[in-house]
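J.: got a sequence here, can you model it:
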Amino acid sequence: MDRKDNFDEIIDMERPWTEETLKRHPKMSPQDRAKIFAPFAALRGHSERLGEEDVKLMRSKRTELSEDEAAMLSDKLLQVKKGMTVTVVYFLPDMEDGDIGYYTTVTGTVTNIDAVYRVLKIDAGIVSEKGTVDDAIKFDDLLDVSGSEIVDIDKYLGTEDFPDVYGENK
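T.: Next up is the predicted model:
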């Protein structure tokens with residue numbers, strides 16, 4: 001007797017879905033079924049290797065901020081305090097050339113902000129999109145700083161309702 005013959009009678013039958021069965025075992029959507037297999041990685045290290053190649057392809061020149069952009073960044077840095085949770089976009093230079101590298105985003109807690117040495121220190125705890133992060137970020141490498149406690153500078157200084165030079169409210 002062939003193994004195939006054992007299942008000939010039932011192979012084309014539908015699964016018996018009764019109301020009681022559906023209560024105990026509801027049907028799973030295809031998206032939820034896909035999540036079950038998502039953690040499986042057939043090629044160990046493959047995604048990390050692809051990530052390294054993406055970084056090489058995404059290399060770019062350092063962006064010079066305009067005066068207005070630099071002033072806005074300075075206003076944001078004025079509000080950053082130790083213990084705040086911030087998201088920072090900054091330039092990470094390559095080893096070969098300081099003006100070529102890539103921009104990365106890090107979210108973490110501010111451990112120190114040094115206005116003299118112009119360095120922002122963040123405890124990111126490995127929350128970077130490109131691997132390990134040097135937690136000391138130079139102000140010159142910053143592109144943007146954001147956080148829930150960072151607001152418009154006029155609101156921060158309390159000058160939003162003061163009349164400007166021409167007698168109009170801002």
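J.: tell me the gap between stretch 13-22 and the middle of its chain.
T.: 44 Å (Cα atoms, centre = their mean, to the nearest Å).
J.: same check on stretch 86-94?
T.: The answer for stretch 86-94 is 11 Å, by Cα atoms, centre = their mean.
J.: okay, buried residues for it please.
T.: Buried residues in stretch 86-94, defined by neighbour count with 16 or more other Cβ atoms under 10 Å: 86-88, 90-92. Yep, even glycine has a C-beta here, placed from its N, CA and C like the rest.
J.: what's next to that stretch, contact-wise?
T.: 59, 62-63, 80, 99-108, 110, 120, 122, 130, 134, 137, 141-147, 150 (Cβ atoms under 8 Å, 6 or more residues apart in numbering).
J.: quick one, which of those are buried?
T.: Buried members of the contacts of stretch 86-94, scored by 16+ other Cβ under 10 Å, are 62, 80, 101-108, 110, 120, 122, 130, 137, 141-143, 145, 147, 150.
J.: which other helices and strands contact the one helix or strand T107 maps to?
T.: Per DSSP states H and E, T107 falls inside strand 100-114. Applying 3 or more Cβ pairs under 8 Å, 6 or more residues apart in numbering; DSSP states H and E, one finds that strand 100-114 makes contact with strand 60-61, strand 85-93, strand 119-123.
J.: nearest to K155, out of those?
T.: Closest of these to K155 is strand 85-93, at 17.5 Å (criterion: Cβ to Cβ).
J.: just checking: what are the partner strands of the strand holding T107?
T.: Sheet pairing of strand 100-114 (DSSP bridges) gives strand 60-61 (antiparallel), strand 85-93 (antiparallel), strand 119-123 (antiparallel).
J.: gap between it and the chain center?
T.: On Cα atoms, centre = their mean, the centre of strand 100-114 falls 12 Å from the chain's centre.
J.: which stretch among the strands paired with strand 100-114 comes nearest Y156?
T.: Across the strands paired with strand 100-114, the minimum distance to Y156, taken as Cβ to Cβ, is reached by strand 85-93, at 14.6 Å.
J.: can you give me the helices in the protein?
T.: Ranges of helices in the chain, per DSSP state H, are 3-6, 19-24, 30-37, 46-57, 67-79, 153-157.
J.: A124 and V88: what is the separation?
T.: Using Cβ to Cβ, to the nearest Å, we find A124 at a distance of 9 Å from V88.
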